[in-house]
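[1] what's the 3D shape of this:
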Amino acid sequence: MALSFASEDKGILPDRMIAALAAQGAIVPVRPFAADQIQPASLDLRLGAIAYRVRASFLPGRTTVRERIDSLRLHEFSLADGAVLETGCVYIVPLLESLALPADIAAAANPKSSTGRLDVFTRVIADETRGFDRVEAGYHGPLYAEISPRTFPVLVREGSRLSQIRFRHGHAQLNPDELRDLHARERLVDDAAADVSEGVLFSIDLSGLGPGGLVGYRAKRHTGLIDVERRSAYSVLDFWEPMQARPDKSLILDPNEFYILASKEAVQVPPVCAAEMVPFDPLVGEFRVHYAGFFDPGFGYAGAGGKGSRAVLEVRSREVPFILEHGQTVGRLVYEKMLAKPDTLYGTGIGSNYQAQSLKLSKHFKA
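    As a prediction, the model looks like this:
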């Protein structure tokens, strides 16, 4: 299947078109894709064999990432048999996938959900770029992951997947009228009267939605390491402090602490759309919400076993303590058109870990 789009075709490429991109040489893997690497509207990116610890985060600007690594690296080490990435350090890892994009296809990257829920700050860099996680249309060159664990040391290896990438043709974001029409048909959020003209607004749930009035978790310091490939392997209490609802339904975020919270709203992403969380809005407070922002078609969708899913929010305060109150707006979900419905939806046989979720830690922890 050779891909060709008319100028009026706008949208995110679904799974079969991502496979077609690879078949025509626009995505160049060092070794063949894993069976579950192509997701409904994204491709998981795999770490390569070598990692570099560097002095500081950077953007290449007018140079290549390799040139910047050569000037900033402290040491390099192999990931072939696994290696520990320490907190507070910055690492650059060449990825197993490189790109040779057509002139009309651009890309955007984001951490995977499990990466964000471990507070592993991960961004994708391309040569001669001035922004993280964005790849211009027509880009030919390698991709790199910048990785900085913030709370837990993590064990990674060649082939580990911390990031994902989407491909789009043209401007895909739905305008306010299109969003309102979609909400009228599909109920994007569990409030039929919600104003979705600028996307679905998220507010925080501090009412105690979990067992025993649980509202979320605060990460502990000085823990053991987490192997990113292991599922249901770690005790929650070894890494997290559960937090119960307060009588006034508020929470004070301490500076530089990491929290897992949940949205008050349950949302869904119909098969004709993909969505992305806007991670930080300075108008609502000095904190960052949601490191991992991609929501695939089928997330929370009744036809894919969802019936609406809450957004799990990865929250980190900035420089000062900040009080969150129940129902406070913390971000928004923007929707983009798909070029076609994916062959497989999120939650339908592809190992989707977070369908129909409420308040949920990453897949690494025992239920």
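
[2] alpha carbons only for contacts and neighbour counts from here, please
    OK.

[3] Not counting sequence-adjacent ones, nearest residue to Glu136?
    Ala106 (5.0 Å; Cα to Cα, 6 or more residues apart in numbering).

[4] Contacts only, for that neighbour.
    By Cα atoms under 8 Å, 6 or more residues apart in numbering, the residues touching Ala106 are 135-139, 167-169.

[5] Give me the buried subset of the residues you listed.
    By neighbour count, with 16 or more other Cα atoms under 10 Å, the contacts of Ala106 hold 135, 137-139, 167-169 as buried.

[6] between the contacts of Ala106, which is nearest Asp9?
    Nearest to Asp9 among the contacts of Ala106, counting by Cα to Cα, is His169 at 7.2 Å.

[7] right, and the closest one touches Ile105 too?
    Yes - contact criterion Cα atoms under 8 Å: His169 and Ile105 qualify, at 5.1 Å.

[8] All the helices of the protein, residue numbers only.
    Under the criterion DSSP state H, the chain contains helices at 15-23, 65-72, 113-117, 176-186, 236-239.

[9] quick one: buried residues of the last one?
    Applying a neighbour-count criterion of 16+ other Cα under 10 Å, the buried positions in helix 236-239 are 236, 239.

[10] roughly how far is that helix from the heart of the chain?
    Chain-centre distance of helix 236-239: 23 Å, with Cα atoms, centre = their mean, to the nearest Å.

[11] same question, the first one
    Taking Cα atoms, centre = their mean, one finds the center of helix 15-23 at 21 Å from the center of the full chain.

[12] Show me the protein divided up by domain.
    Following the assignment in automatic domain parsing, the chain carries domains at 11-169, 176-337.

[13] and the last one, how far from the chain's centre?
    Spelled out, that is domain 176-337. Distance, centroid of domain 176-337 to centroid of chain: 12 Å (Cα atoms, centre = their mean).

[14] thinking again about what came up before, arrange the domains of the chain in JSON lines, one row each, with distance to Tyr346 as further columns.
    Shown next, in JSON lines, are the domains of the chain (distance: least, Cα to Cα, whole Å):
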{"stretch": "domain 11-169", "distance to Tyr346": "6"}
{"stretch": "domain 176-337", "distance to Tyr346": "5"}
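
[15] hey, least reliable of those domains by pLDDT?
    Ranked by mean pLDDT, the domains of the chain end with domain 176-337 at the bottom, a mean of 87.

[16] all strands of the stretch 1-150 of the chain, in order?
    11-12, 27-29, 43-46, 50-54, 73-78, 83-85, 90-100, 106-111, 120-126, 134-135, 140-149 (DSSP state E, counting those that start in this stretch).

[17] ugh, wrong one, I meant the stretch 151-300 of the chain
    Counting by DSSP E, counting those that start in this stretch, one finds strands in the stretch 151-300 of the chain at the ranges 154-156, 161-169, 200-203, 214-219, 226-227, 240-244, 250-253, 258-267, 273-278, 287-289, 294-295.

[18] and of these, who's closest to Leu359?
    Evaluated over the strands of the stretch 151-300 of the chain, closeness to Leu359 peaks at strand 258-267, with 5.5 Å, by Cα to Cα.

[19] what's that closest one in contact with?
    Among residues not part of strand 258-267, those counted as contacts by Cα under 8 Å, 6+ apart are 117, 119, 151, 188-191, 202-205, 215-219, 300, 308-317, 327, 358-359, 361.

[20] for stretch 52-68, same thing?
    Applying Cα under 8 Å, 6+ apart, the external contacts of stretch 52-68 come out as 69, 72-77, 89-93, 125-132, 144, 146.

[21] switch the cut-off to 7 Å
    For stretch 52-68, contacts defined as Cα atoms under 7 Å, 6 or more residues apart in numbering pick out 69, 72-77, 90-93, 126-131.

[22] end-to-end on it?
    End-to-end distance for stretch 52-68, by Cα to Cα, to the nearest Å: 11 Å.

[23] Return the set of buried residues in that stretch.
    Across stretch 52-68, burial judged by 16+ other Cα under 10 Å covers 52-54, 58-60, 64-66, 68.

[24] now swap in stretch 228-235 and tell me
    Counting neighbours by 16+ other Cα under 10 Å, stretch 228-235 gives 228, 234 as buried.

[25] What lies in contact with it?
    With Cα under 7 Å, 6+ apart as the criterion, stretch 228-235 contacts 154-156, 363-366.

[26] quick revisit: report the beta-bridge partner residues of the residue nearest to Glu136.
    In this entry, Ala106 is beta-bridged to Arg168, by DSSP bridges.

[27] on that earlier part again, tabulate the strands of the stretch 1-150 of the chain (JSON lines), appending distance to Val272.
    Converted to JSON lines, the strands of the stretch 1-150 of the chain look like this (distance: least, Cα to Cα, whole Å):
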{"stretch": "strand 11-12", "distance to Val272": "10"}
{"stretch": "strand 27-29", "distance to Val272": "24"}
{"stretch": "strand 43-46", "distance to Val272": "18"}
{"stretch": "strand 50-54", "distance to Val272": "38"}
{"stretch": "strand 73-78", "distance to Val272": "41"}
{"stretch": "strand 83-85", "distance to Val272": "38"}
{"stretch": "strand 90-100", "distance to Val272": "26"}
{"stretch": "strand 106-111", "distance to Val272": "19"}
{"stretch": "strand 120-126", "distance to Val272": "26"}
{"stretch": "strand 134-135", "distance to Val272": "23"}
{"stretch": "strand 140-149", "distance to Val272": "29"}
